[in-house]
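Novice: Quick one, what's the 3D model for this:
(2 chains)
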Amino acid sequence: AQTVTQSQPEMSVQEAETVTLSCTYDTSESDYYLFWYKQPPSRQMILVIRQEAYKQQNATENRFSVNFQKAAKSFSLKISDSQLGDAAMYFCAYGGNNNDMRFGAGTRLTVKP
Amino acid sequence: GAGVSQSPSNKVTEKGKDVELRCDPISGHTALYWYRQSLGQGLEFLIYFQGNSAPDKSGLPSDRFSAERTGGSVSTLTIQRTQQEDSAVYLCASSRGQGRSGNTIYFGEGSWLTVV
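Specialist: Predicted structure coming up:
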């Protein structure tokens, strides 16, 4: 079964600075998707960014970008110009042939004013 | 409705009682997921429904847990003889299709279960 690992339980960043959240995964599949989801204190999960495994180009959504290293099975999230509203739990997720979505344990991001 | 709806939003139950948690997915979404999130923890996969296919129950922690999805829409997660370790937020999510298709999954706000 696929596993998703987030090795940073907590991260902290100064407002307006850049932070990178790490994610690694284990799979034998070649075709899959990777996601970053954000869960603010309201508990509502929100999609941040998505990456297709067969695409070499890293996905970007405004201040959010990923560094996708397929061979290394690494999928990190970079948040530029951090804002107070970015404070949340961030979950890395894998969607593959098993048709379910597997999530990492999450990284709690604190943004300091 | 516009989003995934879950009920109840909060439930306090006595140890040993049965509970039912309901999920109403977004209309037209064929995939439905249940996850469990303990306080401050990640998402634990429980069960996955896709259309009329047999559900993937591989994440259910014990035979006290079961789920069904009627008519390909509403789903109910049932926990029998609840234990204190069952206390968690139970999140339901739905999507248009399969994880490998890259479909965004949309989450409900969760049902917070407390077993006392």
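
Novice: How much space separates the residue nearest in space to the middle of chain B from B:Gly59?
Specialist: Closest to where the C-alpha atoms of chain B average out (CA atoms, centre = their mean) is B:Trp34, at 3.0 Å. Distance from B:Trp34 to B:Gly59, counting by CB to CB, to the nearest Å: 8 Å. Glycine gets a C-beta too; all of them are placed from N, C-alpha and C.

Novice: what residues are shared contacts of those two?
Specialist: B:46-48 (CB atoms under 8 Å, 6 or more residues apart in numbering or on different chains).

Novice: Briefly note if stretch B:4-18 comes near chain A.
Specialist: No: judged by CB under 8 Å from any CB of the partner chain, stretch B:4-18 stays clear of chain A, getting no closer than 9.7 Å.

Novice: how about that stretch: buried residues?
Specialist: B:4-6, B:11, B:13 (16 or more other CB atoms under 10 Å in any protein chain shown).

Novice: Repeat that for stretch A:11-25.
Specialist: Buried, per 16+ other CB under 10 Å, within stretch A:11-25: A:11, A:13, A:19, A:21-25.

Novice: can you check stretch A:65-78 too?
Specialist: A:65-66, A:68, A:73, A:75-78.

Novice: same check, this time on stretch A:105-113
Specialist: For stretch A:105-113, by 16+ other CB under 10 Å, it's A:105-107, A:109, A:111.

Novice: And for stretch B:36-46?
Specialist: In stretch B:36-46, counting by 16+ other CB under 10 Å, buried: B:36-37, B:42-46.

Novice: Just put the buried residues of stretch A:105-113 in JSON lines and tack on secondary structure and pLDDT.
Specialist: Compiled in JSON lines, the buried residues of stretch A:105-113 are given as follows (DSSP: H, G, I helix; E, B strand; the rest coil; pLDDT from 0 to 100):
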{"residue": "A:Ala105", "secondary structure": "coil", "pLDDT": "89"}
{"residue": "A:Gly106", "secondary structure": "coil", "pLDDT": "93"}
{"residue": "A:Thr107", "secondary structure": "strand", "pLDDT": "95"}
{"residue": "A:Leu109", "secondary structure": "strand", "pLDDT": "97"}
{"residue": "A:Val111", "secondary structure": "strand", "pLDDT": "97"}
